[in-house]
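Asks: this one's structure only:
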Ligand code: GRF
């Protein structure tokens, strides 16, 4: 098989070029770099190319009467190397539209922002100054307009409270390297094309850019909704030296939410596989709905599908009614109902904001205590964490109404990781409850949230009184 031929245009250090060279050398990217060209004869990237025997070309724009003449000469020389694709990797020039036109669909650029945000320069500083919680890089087809051609794929990165433009740039660069390699691999496999202003993936228009997950996986987002049906799809890219398995996730996943400032999380329907100590126990659905009267409902429904849970006909429904207050949920009412062949259990809580108390009825028990601003029921904790993550919060403390009192629950945010659940692989943030297990500790102790799904929980784990661990793993999600 003839290797896919690429030319790389550079103006500076060439770390993205290095990533392509390394992936090729490792046998994971079936390409030949036929030329590295620059407008800066002293660019370090040229030396890098020379050191591994790649042909180089340096042209000085000042030697040409005008921009178009430089561009025409540059691209004529590039054409002589018959590349299948031209990659702009830190090439700091705008290309003349007439010269560009014949190359459209065969030329891509990597840009350090989540386009269409921040085209042009100083992207890291602009993202920090805007107070963004997410930053990232985009690979897009190049058109005449600066950083505005259709975006193929993006890698996202959270902005930390300590980040400066330079720490952010450095952290993002590592993601850029993975992104550029993954996108070039997909193009080399003939799976990505440009039509008009759209990106086609396997002949179908992409509704949203692909998302980089982990180091080499691209998730495919279809549909324009915030959340959608998720379907795992594995794709094999044949390479001359070995086969690279690139699992792709076909989903209607989160795009940038355009929602009222106060409402952190949009309505969704999610299906989870429920496991006890790793074995099938049941199925859980989780729904978030806008009731249209200023209140919202989070409802989970779990049914036993295996073992004792199935035999006993376990059915648990938990409903939290709440309203959004300053971007966080605040409780209005809560219901828990567990039915089995042997016994039923119910708990009902009313949050009476006028009278200023919480009224809980559980079996024969009747409890009242004073309400406090921002109180939530125990099920809504997951949603509260998701909304805090969405808002870029750095501390996670909740006043939770348990049976007979308000308990303060604190969570700590652990470093990111990639998690595999039936819906696919997700870059996640792990939130873990602080302290030792207490009376109400069968409640959520650890949960994993995916920013690419608008901070939906992709896994929720709780340890029950007997020490058994029940885990919910995301199977599918839709708006
Ligand atoms: C990268 O940040 C890229 O996104 C931007 O220019 C920089 C190039 O870095 N277009 P390098 O030369 O590849 O190290």
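Replies: Cool, the structure landed. What you are looking at is a predicted structure, and each value in this text was computed from that prediction instead of being measured. Residues are numbered from 1 along each chain as shown.
Asks: And the residue of the stretch 151-300 of the chain closest to the ligand?
Replies: residue 176 (5.3 Å; C-beta to the nearest ligand atom). Placement of C-beta: from N, CA and C, glycine included.
Asks: Repeat that for the stretch 1-150 of the chain.
Replies: Across the stretch 1-150 of the chain, no residue is closer to the ligand than residue 90, which sits at 2.6 Å (C-beta to the nearest ligand atom).
Asks: tell me the secondary structure for the residue of the stretch 151-300 of the chain closest to the ligand?
Replies: helix (DSSP: H, G, I helix; E, B strand; the rest coil).
Asks: excluding its backbone neighbours, what's nearest it?
Replies: Among residues not flanking residue 176 along the chain, residue 137 sits closest, at 4.6 Å (C-beta to C-beta, 6 or more residues apart in numbering).
Asks: quick one, what contacts that neighbour?
Replies: 110, 111, 112, 113, 114, 154, 155, 172, 175, 176, 179 (C-beta atoms under 8 Å, 6 or more residues apart in numbering).
Asks: So residue 93 belongs to a strand, correct?
Replies: No - per three-state DSSP, residue 93 lies outside any strand segment and is coil.
Asks: Could you tell me how many residues sit around the residue of the stretch 151-300 of the chain closest to the ligand?
Replies: By other C-beta atoms under 10 Å, the residues close to residue 176 number 25.
Asks: per-residue pLDDT, it?
Replies: Residue 176 is assigned a pLDDT of 97 by the prediction.
Asks: what do you get for residue 473?
Replies: Looking at residue 473, its pLDDT stands at 94.
Asks: same deal with residue 397?
Replies: pLDDT recorded at residue 397 is 93.
Asks: The residue nearest to it when sequence neighbours are not counted: what secondary structure?
Replies: Closest residue to residue 397 apart from its sequence neighbours, by C-beta to C-beta, 6+ apart: residue 410 at 5.0 Å. What three-state DSSP gives for residue 410 is strand.
Asks: Correct me if wrong: residue 410 contacts residue 445.
Replies: No - using C-beta atoms under 8 Å, residue 410 is not in contact with residue 445; the gap is 11.9 Å.
Asks: before we move on, back to that, neighbours of the residue of the stretch 1-150 of the chain closest to the ligand, how many?
Replies: Residue 90 has 22 neighbours, counted by other C-beta under 10 Å.
Asks: Chain neighbours aside, what residue packs nearest to it?
Replies: residue 12 (4.9 Å).
Asks: how far out from the middle of the chain is the helix or strand where residue 347 lies?
Replies: If you go by DSSP states H and E, residue 347 is part of strand 344-352. The gap between where strand 344-352 is centred and where its chain is centred comes out at 36 Å by C-alpha atoms, centre = their mean, to the nearest Å.
Asks: Pull the residues that contact that strand.
Replies: Under C-beta under 8 Å, 6+ apart, the answer for strand 344-352 is 331-338, 358-363, 371, 375, 377, 401, 403.
Asks: What mean pLDDT does it get?
Replies: 92.
Asks: what does the helix or strand following it rub up against?
Replies: Under the assignment DSSP H and E, the closest C-terminal helix or strand after strand 344-352 is strand 357-362. Identification of contacts with strand 357-362 by C-beta under 8 Å, 6+ apart yields 345-352, 366-371, 375, 401, 403-404, 406.
Asks: mind listing what's buried in stretch 3-15?
Replies: Going by neighbour count (16 or more other C-beta atoms under 10 Å), the buried part of stretch 3-15 is 3, 4, 5, 6, 7, 8, 9, 10, 11, 12, 14, 15.
Asks: shouldn't the second one be in contact with residue 188?
Replies: To tie it back to what came earlier, the one meant is residue 4. Yes - shown here, residue 4 and residue 188 form a contact pair, counting by C-beta under 8 Å, at 3.8 Å.
Asks: which residues do the two both contact?
Replies: Joint contacts of residue 4 and residue 188 (C-beta under 8 Å, 6+ apart) are 30, 31, 84, 85.
Asks: Please identify the helix or strand for the residue lying closest to the last one once chain neighbours are set aside.
Replies: Meaning residue 85. Spatial nearest neighbour of residue 85, excluding adjacent residues (C-beta to C-beta, 6+ apart): residue 6 at 4.7 Å. Using DSSP H and E, residue 6 falls within strand 4-10.
Asks: List the contacts of that strand.
Replies: The contact list for strand 4-10 (C-beta under 8 Å, 6+ apart) reads 17, 20, 30-38, 43, 45-46, 49, 78, 81-91, 184, 187-188.
Asks: The residues you listed in helices, which ones?
Replies: Using DSSP state H, 17, 20, 45, 46, 49, 78, 184, 187, 188 are the members of the contacts of strand 4-10 that sit in helices.
Asks: quick one: pLDDT of the last one?
Replies: If you check residue 188, the pLDDT there is 94.
Asks: Same check on residue 239?
Replies: pLDDT, read off for residue 239, is 25.
Asks: in terms of contact, does residue 37 touch residue 57 like I think?
Replies: Yes - applying C-beta under 8 Å as the test, residue 37 and residue 57 come out as touching, 4.2 Å apart.
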